[in-house]
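J.: Would you be able to build a 3D model of this:
(one chain, ligands or ions: 1)
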Amino acid sequence: MKDNLKLFFTEHWKYMAVSTACKLNLFENLQKAKTTKQLAKELSLNEEKLNLLLNALHQVDFLSKEEDCFKTNSLSEFLTESNPESLKFACLNWSSEHLTAWQNLDFSIKTGKSSFEEIYGKPFFDYLNDFPEKLHAYQKAMYEYAKDDYKILPDLIDFSKHKSVMDVGGGYGAILENIKTKKPNVECVLFDLPKVIDRVPISNIKKLGGSFFEKIPNQSEAIVLSRVLHDWNNEKAKLILKNCFEALPNNGTLYVIENCSDKIKIDLSLLSLNMSAMCESYERASTQYILLCENTGFQFHSETKLNELQTILIFKK
Ligand SMILES: C[S@@+](CC[C@H](N)C(=O)[O-])C[C@H]1O[C@@H](n2cnc3c(N)ncnc32)[C@H](O)[C@@H]1O
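T.: Below you'll find the predicted structure:
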């Protein structure tokens, strides 16, 4: 037991080795078997230290090794950008600022405030807005998760009953892409921060930049709000909901998609700690989301389970 405890203290070294490999594009460059010497020369890296990293990646089963040559395996193939099911940016997402926020989690526990904000001097999304490449990497990470998570959404909800659907805080548009593939006639509108919208490559949807704290344009019969409310405390979440309410026509529909702690078997405490450190928020129960929405004027209609983690809560104006 004590030995396992000692190993547990340094478990994060495994993730750090893998995310460093992503940062250095090692997996892209090891789709063909190579020696350390070859790779070090190609990428201008220190051969001795690279050799340590490659052996560590082999030790944690992220690289195969034959004689002196290293090569990606079925796991690390997912960490190459060209893989259609890539999770490279999802992997990178949890290093750098996220890790720094976690290292200062004690601040959040003492004060109830975001350790990210304490260290970086501003809220997470304002910070990202100042660094285009960090914002892009974050959005790509969210998109990689979203592509998997929302695959069956259009099978569960018949979005064709709405003339138009707007995804508010929809990032790089994974949900709308899914809806368009299955229901091409639904008019789709993506709303997110202007710098996010500027880089969305999808062409068969309408794209609008703005802030959901200011005004959400009156564009659609239905609004999707997915993994948005969990980023914010109650006061901010209510403001987003108020603006959604104002944007919808009478009898309009709001779909809130979130990890609801009371609807799943998985304990969300660690995810909630992450939200506390990053943005002074936490993962709520469905009853708390329903209360927030009802307090803004929405009427709860029904709910459907989306996947292992997420539930779709449906409201009417
Ligand atoms: C956690 S991500 C969720 C993305 C996507 N809905 C999903 O489920 O994968 C939160 C989204 O809210 C957007 N966002 C943050 N602040 C915003 C604001 N003030 N106005 C509009 N969108 C905002 C972010 O850019 C990001 O795309």
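
J.: Helix, strand or coil: sort out the spatially most central residue of the chain for me.
T.: Closest to where the C-alpha atoms of the chain average out (Cα atoms, centre = their mean) is residue 142, at 3.1 Å. Classification of residue 142 by DSSP: H, G, I helix; E, B strand; the rest coil places it in helix.

J.: hang on, isn't it packed against residue 172?
T.: Yes. Residue 142 is in contact with residue 172 according to Cβ atoms under 8 Å; the separation is 7.1 Å. From N, CA and C alone the C-beta is placed, and that goes for glycine too.

J.: Excluding chain neighbours, what is closest to the residue nearest to the centre of the chain?
T.: Among residues not flanking residue 142 along the chain, residue 171 sits closest, at 4.8 Å (Cβ to Cβ, 6 or more residues apart in numbering).

J.: burial of that neighbour, as a residue count?
T.: Neighbour count for residue 171, taken as other Cβ atoms under 10 Å: 24.

J.: The ligand versus that one, what's the distance?
T.: Here the criterion is Cβ to the nearest ligand atom, to the nearest Å. By it, residue 171 lies 3 Å from the ligand.

J.: OK, contacts around that residue?
T.: Counting by Cβ atoms under 8 Å, 6 or more residues apart in numbering, residue 171 touches 139, 142, 143, 146, 192, 196.

J.: I figured the first one was touching residue 172, is that so?
T.: Think residue 139. Yes. Judged on Cβ under 8 Å, residue 139 makes contact with residue 172 at a distance of 5.0 Å.

J.: which neighbours do those two share?
T.: Residues touching both residue 139 and residue 172 by Cβ under 8 Å, 6+ apart: 196, 199.

J.: List the residues that contact the nearest residue to residue 31 once chain neighbours are set aside.
T.: Spatial nearest neighbour of residue 31, excluding adjacent residues (Cβ to Cβ, 6+ apart): residue 72 at 5.5 Å. Counting by Cβ under 8 Å, 6+ apart, residue 72 touches 27, 30, 31, 63, 64, 79, 80.

J.: of these, closest to the ligand?
T.: residue 79 (19.7 Å; Cβ to the nearest ligand atom).

J.: beta partners of residue 71?
T.: Per DSSP bridges, the residues bridged to residue 71 are residue 64.

J.: number of nearby residues for it?
T.: Using other Cβ under 10 Å, the number of residues around residue 71 comes to 16.

J.: That one contacts residue 29, correct?
T.: No. Between residue 71 and residue 29 there is no contact under Cβ under 8 Å: 10.5 Å.

J.: Show me how the record splits this structure into domains.
T.: If you go by automatic domain parsing, the domain ranges for the chain are 2-82, 150-264+278-316.

J.: measure the last one end to end?
T.: Using Cα to Cα, to the nearest Å, one end of domain 150-264+278-316 lies 22 Å from the other.

J.: Repeat that for the shortest one.
T.: The straight-line separation of the ends of domain 2-82 (Cα to Cα) is 42 Å.

J.: Can you tell me how far residue 280 is from residue 231?
T.: Between residue 280 and residue 231 the computed distance is 9 Å (Cβ to Cβ, to the nearest Å).

J.: Which of those two has more residues huddled nearby?
T.: residue 280 (21 against 18).

J.: nearest residue to that one other than its sequence neighbours?
T.: Using Cβ to Cβ, 6+ apart, the closest residue to residue 280 is residue 114 (4.2 Å).

J.: from memory that neighbour sits against residue 104, does it?
T.: No. Assessed by Cβ under 8 Å, residue 114 is found out of contact with residue 104, at 9.6 Å.

J.: pLDDT value on residue 201, please?
T.: At residue 201, the predicted lDDT confidence score is 89.

J.: Sorry, slip of the keys, the one I care about is residue 219.
T.: 82.

J.: Please list all residues in contact with it.
T.: Counting by Cβ under 8 Å, 6+ apart, residue 219 makes contact with 164, 166, 189, 191, 206, 208, 247.

J.: doesn't it fall inside a strand?
T.: No. Counting by three-state DSSP, residue 219 falls outside a strand, being coil.

J.: Phi and psi next, for it.
T.: phi -130, psi -20 (degrees, to the nearest 10).

J.: Quick one: neighbours of the residue lying closest to residue 151 once chain neighbours are set aside, just the number.
T.: Once flanking residues are discounted, residue 151 sits nearest to residue 178: 6.6 Å by Cβ to Cβ, 6+ apart. Neighbours of residue 178 under the rule other Cβ under 10 Å: 20.
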